[in-house]
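# dropping the sequence and predicted coords here.
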Amino acid sequence: MNPALKVWYYAGGRVPQKYREFVYDDVTGPKWLVRFTVRSLVQVTPLTTAITLALVFGLGSPWPLAIACGALGFVVGLYFALSYAPESVDYRLTKYGYPRGTATEGRKERNLERDRERQAKYDAVWRQSEG
């Protein structure tokens, strides 16, 4: 995929269907949440900046108040985006023809062995009988 199309994708745009495997790898790969956070930052930052500037230049608000309002909008927007990250990427994959829940299942399969090892270590330490 060319760099301009990647920038478009991370800015929130949709890529052609021929890149559906790229989208699947993006939302199930090891750093999927980091990439999701970057995508959310790219989407939230211009909006909160525009709101801040509109408060100052459009409504005549003082700079500190406008910056505080913009920062609050930024935090709330990012919090909301990250709160629903798994559901959001599952929905994104449905746009590319995958069944609902594919991203979550893909991450579970990828992490299955690691999760089993962690559970075995936990059980060895905390599930011993006290007899």
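Structure received. Numbering: from 1, shown residues only.

# can you tell me, leaving aside adjacent residues, what's nearest to the spatially most central residue of the chain?
Nearest to the geometric centre of the chain sits residue 36, at 2.7 Å (Cα atoms, centre = their mean). Excluding its sequence neighbours, the residue lying closest to residue 36 (Cβ to Cβ, 6 or more residues apart in numbering) is residue 85, at 5.1 Å. Quick note: C-beta positions are derived from backbone N, CA and C, even for glycine.

# what is the burial count for that neighbour?
17 (other Cβ atoms under 10 Å).

# quick check: the gap between it and residue 96.
Per Cβ to Cβ, to the nearest Å, residue 85 is found 17 Å from residue 96.

# so what's residue 110 scoring on pLDDT?
For residue 110, the pLDDT comes out at 87.

# what about the closest residue to it other than its chain neighbours, how many residues nearby?
Closest residue to residue 110 apart from its sequence neighbours, by Cβ to Cβ, 6+ apart: residue 28 at 6.3 Å. Neighbours of residue 28 under the rule other Cβ under 10 Å: 20.

# the residue nearest to residue 36 is in contact with residue 35, isn't it?
No. The criterion here is Cβ atoms under 8 Å, and residue 85 misses it with residue 35 at 10.3 Å.
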